[in-house]
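K.L.:
Give me coordinates for this.
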Amino acid sequence: MRIISGKAGGIRLQAPDGDAVRPTEDRVKEALFASLGNLQGLRVLDLYSGSGSLGLEALSRGASEVVMVEKNPRHIPYIEKNLSAVLKSMQGDCGKSRILLADVRQVPERLPELAGKIDLILADPPYNPPPDSFGGRELLLHAVFAEWCGRQTRFVLEHESGSQLPWSPLSPWKLERQKQFGRRTLSWLRQSQPIF
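P.N.:
Now for the predicted structure:
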């Protein structure tokens with residue numbers, strides 16, 4: 001696993017062993033970021049961050065601010081090590097970055113200063129979360145989160161191919177397009193209608 005392109009291109013990233021983290025494969029990440037175009041100056045939110053791979057790729061490609069959100073405290077040291085390696089490679093020539101130890105459902109209350117200011121969300125939630133957890137389905141249905149994001153936010157969700165997810169009109173998020181990579185599918189989303 002590595003940073004594919006940008007100022008930190010080629011930097012190797014570390015991830016915890018086992019099934020707790022499912023890093024996005026290089027070919028999937030390459031297709032994702034190729035679709036997004038120029039990230040220069042964008043504010044990016046990396047949800048279910050795991051190793052920080054997606055957020056750090058955005059930072060390498062010119063994002064002005066990246067927030068990596070992860071609820072598992074055992075994953076935070078890996079994100080910190082990876083961030084340190086990326087920052088060292090970029091020699092300070094990069095946007096702001098921070099790591100937030102939190103459940104994704106807490107984002108609106110933990111980051112009130114970013115309400116309406118996020119340009120891009122990258123989310124790779126667990127494919128089969130426990131019943132009481134806040135996974136991809138819950139995120140799509142969370143009206144408070146959608147309101148916090150604002151209507152202009154772009155959202156790319158990675159999820160298991162064939163999974164039934166609540167797109168608009170069941171949720172505020174409209175499915176614009178999808179691309180399947182074996183077991184993984186990327187879905188590009190925008191808000192479809194006013195939240196209120």
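
K.L.:
what about residue 12, how many neighbours?
P.N.:
Per other Cβ atoms under 10 Å, the neighbour tally for residue 12 reads 9. Where C-beta positions appear, they are placed from N, C-alpha and C, glycine not excepted.

K.L.:
Go ahead and confirm it touches residue 2.
P.N.:
Yes - in terms of Cβ atoms under 8 Å, residue 12 counts as a neighbour of residue 2; the distance is 5.2 Å.

K.L.:
which residues in this structure form strands?
P.N.:
Remark: strands assigned in the chain by DSSP state E are 43-47, 65-70, 96-101, 120-123, 154-160, 173-181, 184-191.

K.L.:
Redo those as JSON lines? Include mean neighbour count and distance to residue 113.
P.N.:
Output for these, formatted as JSON lines (neighbours: other Cβ atoms under 10 Å; distance: least, Cβ to Cβ, whole Å):
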{"stretch": "strand 43-47", "mean neighbour count": "26", "distance to residue 113": "11"}
{"stretch": "strand 65-70", "mean neighbour count": "25", "distance to residue 113": "11"}
{"stretch": "strand 96-101", "mean neighbour count": "16", "distance to residue 113": "12"}
{"stretch": "strand 120-123", "mean neighbour count": "22", "distance to residue 113": "16"}
{"stretch": "strand 154-160", "mean neighbour count": "20", "distance to residue 113": "20"}
{"stretch": "strand 173-181", "mean neighbour count": "15", "distance to residue 113": "23"}
{"stretch": "strand 184-191", "mean neighbour count": "20", "distance to residue 113": "21"}
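
K.L.:
got those strands as JSON lines, with mean pLDDT and distance to residue 131 columns?
P.N.:
Listed next are those as JSON lines, based on pLDDT from 0 to 100; distance: least, Cβ to Cβ, whole Å:
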{"stretch": "strand 43-47", "mean pLDDT": "98", "distance to residue 131": "20"}
{"stretch": "strand 65-70", "mean pLDDT": "98", "distance to residue 131": "21"}
{"stretch": "strand 96-101", "mean pLDDT": "97", "distance to residue 131": "23"}
{"stretch": "strand 120-123", "mean pLDDT": "98", "distance to residue 131": "19"}
{"stretch": "strand 154-160", "mean pLDDT": "96", "distance to residue 131": "17"}
{"stretch": "strand 173-181", "mean pLDDT": "96", "distance to residue 131": "22"}
{"stretch": "strand 184-191", "mean pLDDT": "96", "distance to residue 131": "22"}
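
K.L.:
Same list (those strands) but as JSON lines, adding distance to residue 79.
P.N.:
Output for the strands of the chain, formatted as JSON lines (distance: least, Cβ to Cβ, whole Å):
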{"stretch": "strand 43-47", "distance to residue 79": "9"}
{"stretch": "strand 65-70", "distance to residue 79": "6"}
{"stretch": "strand 96-101", "distance to residue 79": "5"}
{"stretch": "strand 120-123", "distance to residue 79": "14"}
{"stretch": "strand 154-160", "distance to residue 79": "17"}
{"stretch": "strand 173-181", "distance to residue 79": "24"}
{"stretch": "strand 184-191", "distance to residue 79": "21"}
